[in-house]
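Undergrad: here is a sequence with its predicted model. Questions after.
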Amino acid sequence: MDFKLQAEDKGSKARAGLITTEHGQIETPIFMPVGTAGTVKAVHQRELKDDIKAEIILGNTYHLYLRPGLEIIEKAGGLHKFNGWDGPLLTDSGGYQVYSLANTRKIKEEGVTFKSHIDGSKHTFTPEYAIDIQRTIGADIIMAFDECTPYPCEYGYARTSMEMTHRWLKRCCDRFDETEGKYGYNQTLFPIVQGSTYKDLRQKSAETIASFGRDGNAIGGLSVGEPHEMLYEHTEIVCDILPKDKPRYLMGVGTPENILECIALGVDMFDCVMPTRNARHGFLFTSEGIINIRNEKWKDDFSSVDPNLEGYVESFYTKAYLRHLTHSKEILAAQICSIHNLTFYLWLVKEARKHIQAGTFIDWKNVMVKKLVTRL
């Protein structure tokens, strides 16, 4: 993987760059649609590429490991061949799912033992096995195995967990470096910064992660319930330490407002289930604010959802029609709303990139953030 920094905003720490993988290029800042089980919910691969203009999507190690299983994925020739997506792919390590399975998992130095949410069967992820699994899945960018601490979190636990995550990172790097990809192209490993919401731990973790000299770095353990002010504070602390010549990935973030604020702090890559999850409940993100399409006020509104997205495939549908589909519980409602939200997220980061390159990002961002949080 290669990363070139192409422009920096003079009024903030925002950057525009270009990531090159063997499955294609990614212009940053970028939002990555989440395809948990090998699919972005309710969206075809064709729509992801041609309509939404996604440049990279995610797969989830925990879920793909359980179903369909590694044997099937490897027999298919990797996740690209299995799901038909021929662009760049990123997989998480399963660490966040381990965090979310608090009642059914045990964490030890060796790794994590957990029960499947599908059938209750027991499994163990070690740092080495997490790398092996992601080698088999075949993503272009794979993540180191870590522990994501909850919020709030006691200082002592946060420090102990962070130190174990660092030891796990060494094991991940060793396993990654002594193995090769299975499908004829290179993969890249990103370490993950942890440290909860403690400044000294975040600084220590960022310094440690940077010292491993990998081709990109991620920031984990945020957007887990802490106030937005804490999210921004600790993102800035970490971005100021992580190397400028490598992409920075803020995991699991977030709202359109969060994304613009964190771009201003120096983040390049984002992912979140919010656009598709909210879409399935009728909540739409637009350049003028947030729409609950189920509300009575849209019953006879025959305008498009977002005039700034005119020309995109979803713009052919009116608010009144989407409200009708949603109230009728038509499957098409989830599909159109998901396409809309993802289209908007990709439009937003592409607009941010344009303004970074033009030197007008910070003024544009300040105007946009006020609109993005408005309930229409």
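TA: Alright, I've got the coordinates. Since the model is a prediction, treat every value here as computed from it, not as a measurement.

Undergrad: tell me the bridge partners for the residue most central in space within the chain.
TA: Centroid-nearest residue in the chain: Asp271, 1.8 Å away (criterion: Cα atoms, centre = their mean). Beta-bridge partners recorded for Asp271 (DSSP bridges): Met32.

Undergrad: for it, what are its contacts?
TA: Asp271 is in contact with 31-34, 58, 90, 249, 251-253, counting by Cβ atoms under 8 Å, 6 or more residues apart in numbering. The way it works is simple: take the backbone N, C-alpha and C, and place the C-beta from them, glycine included.

Undergrad: now those in CSV, with neighbour count and distance to Lys108?
TA: Listed next are those as CSV, based on neighbours: other Cβ atoms under 10 Å; distance: Cβ to Cβ, whole Å:
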residue, neighbour count, distance to Lys108
Phe31, 26, 35
Met32, 24, 31
Pro33, 24, 34
Val34, 22, 29
Leu58, 22, 27
Leu90, 26, 27
Tyr249, 24, 27
Met251, 25, 23
Gly252, 20, 25
Val253, 22, 29
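
Undergrad: among those residues, which lie within helices?
TA: With helices taken from DSSP state H, there is no overlap with these.

Undergrad: how about those residues in JSON lines, adding pLDDT and distance to Val367?
TA: Compiled in JSON lines, the contacts of Asp271 are given as follows (pLDDT from 0 to 100; distance: Cβ to Cβ, whole Å):
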{"residue": "Phe31", "pLDDT": "98", "distance to Val367": "20"}
{"residue": "Met32", "pLDDT": "98", "distance to Val367": "25"}
{"residue": "Pro33", "pLDDT": "98", "distance to Val367": "26"}
{"residue": "Val34", "pLDDT": "96", "distance to Val367": "28"}
{"residue": "Leu58", "pLDDT": "96", "distance to Val367": "30"}
{"residue": "Leu90", "pLDDT": "98", "distance to Val367": "31"}
{"residue": "Tyr249", "pLDDT": "98", "distance to Val367": "26"}
{"residue": "Met251", "pLDDT": "97", "distance to Val367": "27"}
{"residue": "Gly252", "pLDDT": "94", "distance to Val367": "26"}
{"residue": "Val253", "pLDDT": "95", "distance to Val367": "21"}
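
Undergrad: which among those gets closest to Gly181?
TA: Leu90 (14.2 Å; Cβ to Cβ).

Undergrad: name the nearest residue to the closest one, ignoring sequence neighbours.
TA: Excluding its sequence neighbours, the residue lying closest to Leu90 (Cβ to Cβ, 6 or more residues apart in numbering) is Ile141, at 4.2 Å.

Undergrad: circling back: got the contacts of Asp271 as JSON lines, with distance to Leu231 columns?
TA: Output for the contacts of Asp271, formatted as JSON lines (distance: Cβ to Cβ, whole Å):
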{"residue": "Phe31", "distance to Leu231": "16"}
{"residue": "Met32", "distance to Leu231": "18"}
{"residue": "Pro33", "distance to Leu231": "21"}
{"residue": "Val34", "distance to Leu231": "18"}
{"residue": "Leu58", "distance to Leu231": "20"}
{"residue": "Leu90", "distance to Leu231": "21"}
{"residue": "Tyr249", "distance to Leu231": "15"}
{"residue": "Met251", "distance to Leu231": "12"}
{"residue": "Gly252", "distance to Leu231": "10"}
{"residue": "Val253", "distance to Leu231": "7"}
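
Undergrad: can you pull the buried residues of stretch 32-43?
TA: Using 16 or more other Cβ atoms under 10 Å as the test for burial, stretch 32-43 gives 32-36, 38-43.

Undergrad: between all of those, which two are at the greatest distance?
TA: In the buried residues of stretch 32-43, two members sit farther apart than any others by Cβ to Cβ. They are Met32 and Ala42, at 16.9 Å.

Undergrad: and for the residue nearest to Leu90, the neighbour number?
TA: Counted with other Cβ atoms under 10 Å, residues neighbouring Ile141 total 27.

Undergrad: how far away is it from Met368?
TA: Distance, Ile141 to Met368, using Cβ to Cβ, to the nearest Å: 28 Å.

Undergrad: Asp271 too?
TA: Asp271 is 20 Å from Met368, by Cβ to Cβ.

Undergrad: again, but for Tyr151
TA: Tyr151 is 27 Å from Met368, where distance means Cβ to Cβ.

Undergrad: can I get whatever helix or strand Lys370 lives in in PDB? Just the C-alpha atoms.
TA: If you go by DSSP states H and E, Lys370 is part of helix 361-372. Output in PDB follows, covering the C-alpha atoms of helix 361-372 (Å, rounded to 0.1, in the frame of the first residue of the first chain):
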ATOM      1  CA  PHE A 361     -12.300  23.800   4.100                       C
ATOM      2  CA  ILE A 362     -12.500  25.400   7.600                       C
ATOM      3  CA  ASP A 363     -15.100  28.000   6.600                       C
ATOM      4  CA  TRP A 364     -17.100  25.500   4.600                       C
ATOM      5  CA  LYS A 365     -17.000  23.000   7.500                       C
ATOM      6  CA  ASN A 366     -18.200  25.500  10.100                       C
ATOM      7  CA  VAL A 367     -21.200  26.300   7.900                       C
ATOM      8  CA  MET A 368     -22.000  22.700   7.100                       C
ATOM      9  CA  VAL A 369     -21.800  21.400  10.700                       C
ATOM     10  CA  LYS A 370     -24.600  23.800  11.800                       C
ATOM     11  CA  LYS A 371     -26.800  22.400   9.000                       C
ATOM     12  CA  LEU A 372     -26.000  18.800   9.600                       C
END
